[in-house]
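> have a look at this prediction, sequence included:
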Amino acid sequence: MFDIIGDIHGHADKLEELLNNLGYSKLQEVYQHPDNRKVVFLGDYIDRGPKIRETLHIVKDMCDSGNAVAIMGNHEFNAICFHTKDKTNGGFFRKHTIVEIEQHIETLRQFKNHKDEWNHVFLPWFHTLPIFLEFDSFRVVHACWDDNHVEWLKNNNIYTFEDGVKEISEDTLSKYSSKQSTEYIVLEELLKGKEYDLPEGQEFVDKDGAVRSSARIKWFNPVHKRNYHKDVFLGIGDEFGELPVTEELKIELHSYDSDISVFFGHYWLKGKPDDPNSKSICLDYSVAKDGHLVGYRLDSKEFVIV
Ligand SMILES: [Mn+2]
């Protein structure tokens, strides 16, 4: 049986507390469960928090020993791009500008004296992380489930295998650099979610005071619960949020209609999760912003929150 754990972002102490609460304990340096339960990690292990190395050791050791499986988060994908040279155009696949460095700075800092480990252990491991996983009764992805994108990934190989080493191919990263490519759309939306370009004149002011003309879609909120803009968009201002949504928009915006449960993280939700029976469950409750690290016991449908 499985326990699913949301975005950790370097909060290893919270992770250990959660694993303990879920009944796992450290034996021979690796967290494991007496009943052979396994953890599914939803991505975003690095950046922001104080114990990124420790987090990576716990997660990867559990994966290597068969006590967990892990998928890719946008932060791991960004790290791959940040550290891979673009031989055709020069520089790196993710630019080293202030904004990009700031997002990644804690990881860079904490690995400053562990560069070999970063380059030869963790970065290569990120390359092997799947973008999504499907099990008999549930599926996982970091930010947004989209059947067509998943189908595309099943039919298109984004990896190379050299000397038995699996890597996301340079060709994939190069195509991803172009915002019109299928690679860009598929990876961007599965790992970072979908955005909606608002009609002209519908710009809103976000919590940081920036004027925005596109909004992140709350694809996981079912169509019958979409009454106001706040029910379909994330991070929008109160004024815009309270306006009713048109019937057309309710249906136009991506939704999740499957009977198979999907688990994801990414959205920095506030408060605590409250509907363990939903078919689309977010397990990211902002542990890196004074929130909670959230686990979910699949068989008993319980949230375990620290
Ligand atoms: Mn994320």
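It's in. Numbers count the residues shown, from 1 in each chain.
> surely L298 and D136 touch.
No. Contact status for L298 versus D136: not in contact, 10.7 Å apart, counting by C-beta atoms under 8 Å. C-betas here are computed from N, CA, C, even on glycine.
> could you pull up the residues touching the residue of the stretch 151-300 of the chain found nearest the ion?
Taking C-beta to the ion as the measure, the point where the stretch 151-300 of the chain comes nearest the ion is H266, at 3.8 Å. Contacts here follow C-beta atoms under 8 Å, 6 or more residues apart in numbering; on that basis H266 touches 7, 42-44, 73-74, 142-144, 192-193, 282, 284.
> could you do V304 as well?
So, once contact is read as C-beta under 8 Å, 6+ apart, V304 ends up touching 3, 18, 21-22, 294-297.
> what parts of the stretch 51-200 of the chain come near the ion?
On the criterion C-beta under 5 Å from the ion, the ion has as its neighbours in the stretch 51-200 of the chain the residues 73-74.
> how about low-confidence regions in the protein?
Applying pLDDT under 70 to the predicted model, the residue ranges of the chain that meet it are 207.
> quick check: longest strand in it by residues?
When secondary structure is assigned using DSSP state E, the longest strand within the chain turns out to be strand 292-297.
> what comes up buried for stretch 242-253?
Of all the residues in stretch 242-253, those buried under the rule 16 or more other C-beta atoms under 10 Å are 245, 250, 253.
> just those: which are in helices?
Residues from the buried residues of stretch 242-253 lying in helices, with DSSP state H as the criterion: K250.
> out of the buried residues of stretch 242-253, the closest to D13 would be?
Nearest to D13 among the buried residues of stretch 242-253 is L253, at 37.8 Å by C-beta to C-beta.
> ok so, going back, the longest strand of the chain - contacts with which helices or strands?
In terms of contacts (3 or more C-beta pairs under 8 Å, 6 or more residues apart in numbering; DSSP states H and E), strand 292-297 is packed against strand 2-5, helix 12-21, strand 284-285, strand 302-305.
> all helices of the stretch 51-200 of the chain, in order?
Using DSSP state H, counting those that start in this stretch, the helices of the stretch 51-200 of the chain run over residues 52-64, 74-83, 98-110, 115-117, 123-128, 147-155, 170-176, 182-192.
> what packs against the fifth one?
This means helix 123-128. Contacts of helix 123-128 with other secondary structure elements, assessed using 3+ C-beta pairs under 8 Å, 6+ apart, are made with helix 74-83, strand 165-168.
> can I get those in a markdown table including distance to I52?
Supplementary listing: the helices and strands packed on helix 123-128 in a markdown table, determined by distance: least, C-beta to C-beta, whole Å:
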| stretch | distance to I52 |
| --- | --- |
| helix 74-83 | 10 |
| strand 165-168 | 21 |
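> so which of those is the most surrounded?
Mean neighbour count (mean count of other C-beta atoms under 10 Å) peaks for helix 74-83 among the helices and strands packed on helix 123-128, with a mean of 21.
> what is the neighbour count of I71?
Using other C-beta atoms under 10 Å, I71 has 23 other residues around it.
> do the same with H229
Here the count is done by other C-beta under 10 Å, and H229 has 22 residues near it.
> please tell me how far it sits from Q110.
Note on H229: its distance to Q110, by C-beta to C-beta, to the nearest Å, is 39 Å.
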